[in-house]
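1. Next input, structure requested:
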Amino acid sequence: MTAVLQRSFRILEELSTAPEGKTLTELVGELGLPLSATHRLLADLIELGLVRKDERRGEFSLTMKMPSLGLRFLSAGGVVDIGQPILERLAAASGELVRLAIVEDDQLIYVAKAQGAKQGLRYDPEMGRPVTLSCSAAGMIWLAGKSDEEAMRLVSQQGFGTPAEFGPRAPTTFKALIPLLKTARRNGYATTQDMFLPAMSSMATPVLGEDGRVRAILIIAGPMSRLTEERMLALAPALKATAEELSEASGVSPMFKRPLTIGNSPQNSRVPT
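-> Here you go, the predicted model:
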């Protein structure tokens with residue numbers, strides 16, 4: 001990868017978290033790039049229509065071109081059109097937030113959601129963000145389908161989610177994480193409480209493609225006051241049944257038929273049993 005492309009992508013990633021925009025000085029300070037190089041890259045990104053500049057305030061922000069490309073890609077892949085009605089049914093049945101994360105090389109990306117909570121606390125994370133593998137139910141059930149060695153490699157590559165940034169019970173060592181993966185393998189789904197966010201619970205199970213490989217992860221998430229251990233146990237059959245429904249429907253989606261790789265090697269096809 002060329003340095004120019006890598007630096008340009010870092011700028012786009014930084015701006016993706018700042019809808020209000022950032023100044024040149026802020027970008028230079030946060031990315032650690034030379035001022036002159038950052039200014040040239042921003043000029044190129046503006047010319048490509050990916051970034052705009054507020055001349056009055058001097059702030060740079062993303063245009064809608066990149067989000068439009070992403071939405072167009074998901075629409076062409078059929079994932080949202082196929083999965084949304086199924087997610088809506090599970091959200092209504094559970095009364096909680098239901099999400100779908102797609103396997104993309106060596107990470108999981110949230111691509112769709114349905115909100116079942118009608119009142120009270122509503123947990124509603126941003127779409128398009130990578131899943132933190134070490135402290136989320138989605139990450140744990142995906143890792144559970146791999147060898148411990150491969151799971152450790154993936155977590156080492158991404159880094160542990162720390163309690164300060166996530167929940168107070170977020171595991172920070174492999175000694176703490178591996179038993180959670182073993183439990184997920186045994187149950188066929190993973191659960192977390194106080195890990196991804198304080199006072200929040202989540203549960204997740206894999207969605208398979210026609211080739212039997214894990215193509216996506218189905219998640220239910222909500223506050224611990226509602227999504228208790230007993231409630232998650234009761235919802236497990238519905239979660240698994242919905243994942244099977246998504247698996248059956250996925251056959252018409254080109255996105256679920258793409259080759260899956262981690263690095264340069266074919267993805268492990270193990271699924272939790």
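2. And the helices in the stretch 51-200 of the chain?
-> Listed in chain order, the helices of the stretch 51-200 of the chain (DSSP state H, counting those that start in this stretch) span 65-77, 79-94, 137-144, 148-158, 174-187.
3. any chance of the ones you listed in TSV, plus mean pLDDT, distance to residue 21 and mean neighbour count?
-> C-beta coordinates here come from the backbone N, C-alpha and C atoms, glycine included. Listed next are the helices of the stretch 51-200 of the chain as TSV, based on pLDDT from 0 to 100; distance: least, CB to CB, whole Å; neighbours: other CB atoms under 10 Å:
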stretch	mean pLDDT	distance to residue 21	mean neighbour count
helix 65-77	64	15	13
helix 79-94	84	28	18
helix 137-144	96	31	28
helix 148-158	94	28	15
helix 174-187	96	38	17
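4. Report the residue spans of the stretch 101-250 of the chain with pLDDT below the cut-off.
-> 119-129, 250 (pLDDT under 70).
5. follow-up on the earlier one: distance to residue 110 for the helices of the stretch 51-200 of the chain - can I get that in TSV?
-> Output for the helices of the stretch 51-200 of the chain, formatted as TSV (distance: least, CB to CB, whole Å):
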stretch	distance to residue 110
helix 65-77	11
helix 79-94	12
helix 137-144	8
helix 148-158	15
helix 174-187	19
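6. Which one of these lies nearest to residue 235?
-> helix 79-94 (5.6 Å; CB to CB).
7. Out of the helices of the stretch 51-200 of the chain, which gets nearest to residue 45?
-> Comparing the helices of the stretch 51-200 of the chain against residue 45 with CB to CB, the closest turns out to be helix 65-77 (10.0 Å).
8. domains in this protein, as residue ranges please.
-> Here the domain parsing of the chain from automatic domain parsing is 3-66, 74-266.
9. tell me which residues in the helix or strand harbouring residue 7 are buried?
-> Assigned by DSSP states H and E, residue 7 belongs to helix 3-16. For helix 3-16, burial by neighbour count (16 or more other CB atoms under 10 Å) applies to 7-8, 10-11, 14-15.
10. Name the nearest of those residues relative to residue 21.
-> For the buried residues of helix 3-16, the minimum distance to residue 21 (CB to CB) is 7.5 Å, reached by residue 15.
11. how about the nearest residue to that closest one, chain neighbours excluded?
-> residue 62 (4.9 Å; CB to CB, 6 or more residues apart in numbering).
12. ditto for residue 240
-> Excluding its sequence neighbours, the residue lying closest to residue 240 (CB to CB, 6+ apart) is residue 205, at 5.5 Å.
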